[in-house]
Structures are given as structure tokens and as C-alpha cells.
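# Can you look at this prediction? I've put the sequence above it.
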Amino acid sequence: MARALGKKTEAQSWLDDAEHIRSLIVQKLWCEEDASFYDVDPERGFVRIRSVGNCRVLGEHVLRLSVPRQRRTFDALWARLHNPKAYWAKYPLPSIAMDDPRFVRAIPRNSWGGASQALTALRTLRWMEHYGKARELRVLMAAWCEAILRAGAFCQQMDPESGVFTQPDLGGYSPCALLFLHFAQRLGRMPSLAAMPAIRVGLNKG
């Protein structure tokens with residue numbers, strides 16, 4: 001915005017601040033032992049809950065693959081994210097790794113304790129192709145489209161193992177609708193909405 005307004009000095013100041021924060025994330029929040037980014041507590045210790053906060057880091061392109069050390073960090077993190085016992089469930093990506101002791105069962109509504117969230121799936125468009133994971137992105141997109149078609153509604157979250165959306169949920173959740181329309185188009189499998197009354201109602205509500 002500063003650049004668009006012709007404020008070059010302010011623009012550079014914002015860029016410098018952003019780079020400083022990016023550097024601190026890499027230096028302070030990465031745990032080599034667990035191959036995970038964590039929040040830190042007031043005593044600067046890691047809050048060891050493996051969550052899709054890791055995907056937020058990637059979504060902002062914090063890691064630069066041109067830097068060898070950061071490439072190694074990404075490779076270690078991706079091995080964790082792509083682990084079917086952790087994040088790469090049949091319906092990715094659970095909000096808490098399934099092998100983390102804080103993964104919640106049974107999953108309640110509006111829960112970031114284990115459910116695969118539509119908003120997280122939608123945000124994979126910000127980072128998976130950027131980091132060279134286009135093939136895996138297609139797997140994720142196909143899984144989500146299949147679950148939505150089976151449910152016949154645009155819901156917020158689902159069980160990462162069964163693909164069953166948490167109930168009760170009236171549908172009409174806009175991130176899920178956006179996800180479905182974009183994913184189906186990308187996969188070349190856009191269904192006819194006229195043949196899907198439940199989905200059509202969900203669109204009207206959203």
C-alpha cells in the first residue's frame with residue numbers, strides 16, 4: 001500500500017520489518033527435535049502442540065528453498081505433514097496431528113483440536129504448489145471434493161479419517177463452498193449443480 005501511494009521510504013520500512021519477523025520465526029520457533037514450528041510460552045519454552053500452525057508458516061512462504069538450511073527445514077517439516085499417522089490423513093489436514101496426545105476424540109463442533117477444517121484445506125492453495133507439492137495437492141483436493149459430494153452440503157469441518165462432517169451443521173459455510181468450486185474446477189470434475197439439490201441449497205444459503 002505504501003508503494004502504491006508513492007511512499008517509498010515507508011514501503012521499505014515495512015519490508016524490512018517483515019523480513020525481520022520472518023527471520024525470527026525461523027530462528028526462534030522451529031524445533032529441530034520435533035520437526036515442527038511451535039508457539040513459545042512466557043519463559044520462551046516451546047508450547048509442544050503439533051498443529052496446522054505449521055501450514056500457516058508455509059502459507060506465508062516463510063521458508064526459502066534457495067537457502068540450504070531452510071530447504072532442510074522444509075524437507076523435515078514436509079515429512080511430518082505428509083505422514084499418514086500425523087497430518088496426511090485420508091482427508092487432510094487435521095488441525096492437530098493425529099499422533100499428538102492432544103488430538104481430540106470425539107471431535108466436537110467448531111474444534112481446532114483435531115478436525116480437518118475447510119479453511120485449512122482452502123489455504124493449501126497458498127503454499128503446496130509454491131513448495132513443489134502439486135501432486136499431493138491434487139490428492140487433497142480430490143479427497144475434499146469426494147467428502148463434500150457425499151455430504152451434499154458445505155460444512156466447516158470433518159473427521160480426518162472418515163471424511164464425515166461434524167453434525168449438527170446446517171451447511172452454507174462459505175470457505176467450504178469456495179474450496180469445492182475451485183478444487184472441482186482444478187480437477188476438471190465440475191459437477192452439474194442442477195443434479196445436486198442439496199449442494200444448490202447450500203450455495204443459496206451461503
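Ah, there it is.
# pLDDT on stretch 109-122, on average?
Averaged across stretch 109-122, the pLDDT comes to 95.
# How far away from the center of its chain is it?
9 Å (CA atoms, centre = their mean, to the nearest Å).
# Name the surrounding residues that touch that stretch.
In this structure, residues lying in contact with stretch 109-122 by CB atoms under 8 Å, 6 or more residues apart in numbering are 51-52, 55, 89, 91-96, 98, 102-105, 107, 140, 144, 154-160, 166, 168-169, 173, 175-176, 178-179, 182. For every residue, glycine as well, the C-beta is placed using N, CA and C.
# Let me see the contact set for residue 157.
With contact set as CB under 8 Å, 6+ apart, residue 157 has these partners: 107, 109-111, 115-118, 165-166.
# ok, which stretches of the chain are helices?
With DSSP state H as the criterion, the chain has helices at 8-28, 53-59, 68-81, 118-123, 134-151, 174-187, 197-205.
# Point out the most buried one among these.
Comparing the helices of the chain by mean neighbour count (mean count of other CB atoms under 10 Å), helix 118-123 ranks first with a mean of 22.
# now, which of the contacts of residue 157 lie within strands?
Judged by DSSP state E, the subset of the contacts of residue 157 located in strands is 116-117.
# Just the buried ones among the contacts of residue 157, please.
By the neighbour-count criterion of 16 or more other CB atoms under 10 Å, the contacts of residue 157 include these buried positions: 107, 111, 115-118, 165-166.
# could you dump these to a markdown table with distance to residue 82?
Output for those, formatted as a markdown table (distance: CB to CB, whole Å):
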| residue | distance to residue 82 |
| --- | --- |
| 107 | 22 |
| 111 | 23 |
| 115 | 19 |
| 116 | 15 |
| 117 | 18 |
| 118 | 20 |
| 165 | 24 |
| 166 | 25 |
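# which of these sit farthest apart?
With CB to CB as the measure, no two of the buried ones among the contacts of residue 157 lie farther apart than 107 and 118, at 13.9 Å.
# rewinding a little: any chance of the contacts of residue 157 in CSV, with distance to residue 74 too?
Conversion of the contacts of residue 157 to CSV gives the following (distance: CB to CB, whole Å):
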residue, distance to residue 74
107, 29
109, 33
110, 31
111, 28
115, 25
116, 22
117, 22
118, 25
165, 31
166, 31
